[in-house]
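*Asks:* from the sequence below, what's the structure:
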Amino acid sequence: MSEWQRLDRRTMLVGPLKTLRQILVPALAALIGVGTQQPRWLLFAAPVVLVGAVGIGVLPWVTTRFRIAGDQLVVTRGLLNKTRLTAPLDRIRSVDLEAPLLHRALGIQKVEVGTGVDDTRIELDSLSTAQAEQLRNLLLTRAAVTPDPADDADVDTEPAPRSPDLARFRGSWVRFAPFSLGRLVIALGALGGLSQFVGDVGIDFSVDQEDVQRIESALLLVVVVLLVGGLVVWTLLSMAAYAVQWWGLRLFREEGNLRLTRGLFTTASTTIEEARVRGVQLRETALLRAVGGAELHTLVTGLDEGVYAVLPPCPTSETRRVGDDVLGDPAPLRTPLTKHGSRARRRCHLRGVRLLLPAVVVALVPAVFFSVTPVLPVLVTLAVLLVGIALGEAEYRHLGHALTADHLVIGSGVTSRVRTVLERGGVIGWVVSQTWFQRRRGLATLVATTAAGAERITVRDVPLDRAITFADAVVPGMLEPFLVSSPPATAPAGT
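*Replies:* Coordinates of the predicted model:
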């Protein structure tokens, strides 16, 4: 691809349709605002808008060029204001392919090239399927030839050969969708729209006194129906959204890369260089854990999204199997964690209670300012203590750390249980901090800084001596210049 190339000709169909879709809502709003007395200029507006949309849509095909010149990807676009984007091939971290429904119908794909610099991505919309695959393979192959010195020095350039297929989508996985709280927003939005519809319906609730009991029974039935209906809506919508997003998922290895393809209507393909995967993160929310489900994410260096989901909510056994394969070691996701002791447990209990203290303050307001009986504040206080201690105990059960031959393992979370696994070589520094309360109890917060994931992994409320020992064991010698050694003992005089 050393010669200048254009986008596919079919982009001249996609561009106008995309432009018309963007101006459709403002145009309808303008027509509704004008009302029935439509001026004559509207008769000429539609053709002008149509021609303008076609012109704007065709412009990318006319002005966009790209090629691989030497060791750089070069993209130029723009008619009056020319823009030239260049990306060294050794800085290319990912090449993602995406095909919305219209693109799939036309046989074209959108290519997004990530360089790991902020959120900057080079986008080429649209290329033919064959051209997109050729460009992706060429960029990833050329990028892997020369390792980037800015990345970790110990990145493995020749990963051990393992099974190419790691996971495939199974229809039975959709049963986990209702237990993912992230999709609850969809159901709540639907219920909100239903409540507005019910509010617009005029119902006369004026009844005689003798009908009160019948109304109470009817209201109870309505509440039950709404709860069951809400549960059904939540279940159906979450399962449908899950299937649309993850249908056809395939996670496999391809020439030293991890490749993930998925999507029912919009297909997406993401490629991650396996040598840059520095660990994994296993997440089990409270609801998913109750039905034996979990999610799996990878910790990657050099990508805009350092924590990348590779498995949706699915059986925990499946996430552990895939995690073991990615890590090349079954120990980190199964090794027991070292607990932090009774002082850390008390800190967890206090955090849980402190989180709910505003509820006690709210309950005290009626008793203090309106002379209401103090029964409510007492009950709320007892509830806050019980729930806070329960939350603290859940946090402590998830809290811990461990060390294997090649990885450090951190357990965290309150209602969700999160196990983070990071390669020892991925740690580039340590931060040890103590609050005033932690100093009183001999505890510390240990933070491992890394180029992968969220760039920091936190171990909370570790006994100070244990934190220093753990950090020194992960990367021997890193903390040695900062440790104060005891002076050698001198022999008593006269001996």
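
*Asks:* how about low-confidence regions in this structure?
*Replies:* Across the chain, the ranges flagged by pLDDT under 70 are 1, 24-46, 49, 116-120, 142-163, 181-217, 304, 371-372, 482-495.

*Asks:* okay, now the domains of it?
*Replies:* 11-145, 341-398, 400-483 (automatic domain parsing).

*Asks:* out of these, nearest to Pro330?
*Replies:* With CB to CB as the criterion, Pro330 lies closest to domain 400-483 of the domains of the chain, at 9.9 Å. For the C-beta atoms, the positions are set from N, CA and C on the backbone; glycine is no exception.

*Asks:* gap between the two ends of stretch 439-455?
*Replies:* Start and end residues of stretch 439-455 are separated by 26 Å (CA to CA, to the nearest Å).

*Asks:* which helix or strand contains Asp125?
*Replies:* Secondary structure assignment for Asp125, by DSSP states H and E: strand 121-128.

*Asks:* neighbouring strands - and their directions - for that strand?
*Replies:* strand 108-114 (antiparallel) (DSSP bridges).

*Asks:* okay, how far is it across stretch 125-134, tip to tip?
*Replies:* 15 Å.

*Asks:* ok so, going back, take the domains of the chain and lay them out in CSV including mean neighbour count.
*Replies:* CSV is the format used below for the domains of the chain (neighbours: other CB atoms under 10 Å):
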stretch, mean neighbour count
domain 11-145, 16
domain 341-398, 15
domain 400-483, 17
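
*Asks:* what residues does the strand holding Asp125 touch?
*Replies:* For strand 121-128, the external contacting residues (CB atoms under 8 Å, 6 or more residues apart in numbering) are 7-8, 10-11, 14, 60, 64, 66, 73, 75, 85, 87, 103, 106-115, 135, 304.

*Asks:* which is the next helix or strand following it?
*Replies:* Next helix or strand after strand 121-128 toward the C-terminus (DSSP H and E): helix 129-145.

*Asks:* got a list of contacts for that next one?
*Replies:* Here helix 129-145 makes contact (CB under 8 Å, 6+ apart) with 1, 5, 8, 68, 71, 73, 89-93, 95, 97, 99, 107-111, 113, 124, 127, 157, 255-257, 269, 271, 273.

*Asks:* among those, which ones are in strands?
*Replies:* 68, 73, 95, 97, 99, 108-111, 113, 124, 127, 257, 269, 271, 273 (DSSP state E).

*Asks:* tell me the one among these nearest to Arg456.
*Replies:* Nearest to Arg456 out of these is Glu273 (CB to CB; 22.1 Å).

*Asks:* what about the strands in the stretch 251-400 of the chain?
*Replies:* 257-262, 267-273, 277-284, 293-300, 307-315, 400-403 (DSSP state E, counting those that start in this stretch).

*Asks:* first-to-last residue distance for stretch 460-478?
*Replies:* End-to-end distance of stretch 460-478: 20 Å, with CA to CA as the criterion.

*Asks:* contacting residues around Leu236?
*Replies:* Leu236 neighbours (CB under 8 Å, 6+ apart): none.

*Asks:* any idea which element it lies in?
*Replies:* helix 212-246.

*Asks:* next, the angle from that helix to strand 257-262.
*Replies:* On the basis of axes from the mean of the first three to the mean of the last three CA atoms, to 10 degrees, helix 212-246 is oriented at 140 degrees to strand 257-262.

*Asks:* report the buried residues of helix 212-246.
*Replies:* Across helix 212-246, burial judged by 16 or more other CB atoms under 10 Å covers 233-235, 237-239, 241-243, 245-246.

*Asks:* relative orientation of it and strand 307-315 in degrees?
*Replies:* Using the same axes, to 10 degrees: helix 212-246 against strand 307-315 is 120 degrees.

*Asks:* picking that back up, what's the farthest-apart pair in the ones in strands among the contacts of helix 129-145?
*Replies:* Using CB to CB, the two most remote members of those are Ile108 and Glu273, lying 25.6 Å apart.

*Asks:* separation between Leu59 and Thr86?
*Replies:* Counting by CB to CB, to the nearest Å, the gap from Leu59 to Thr86 is 22 Å.

*Asks:* oops, could you answer that again for Gly411 instead?
*Replies:* For Gly411, the distance to Thr86 - CB to CB - is 44 Å.

*Asks:* and Glu455, what are its phi and psi?
*Replies:* Backbone dihedrals for Glu455, given as degrees, to the nearest 10, come out at phi 70, psi 10.

*Asks:* that'll do, ta.
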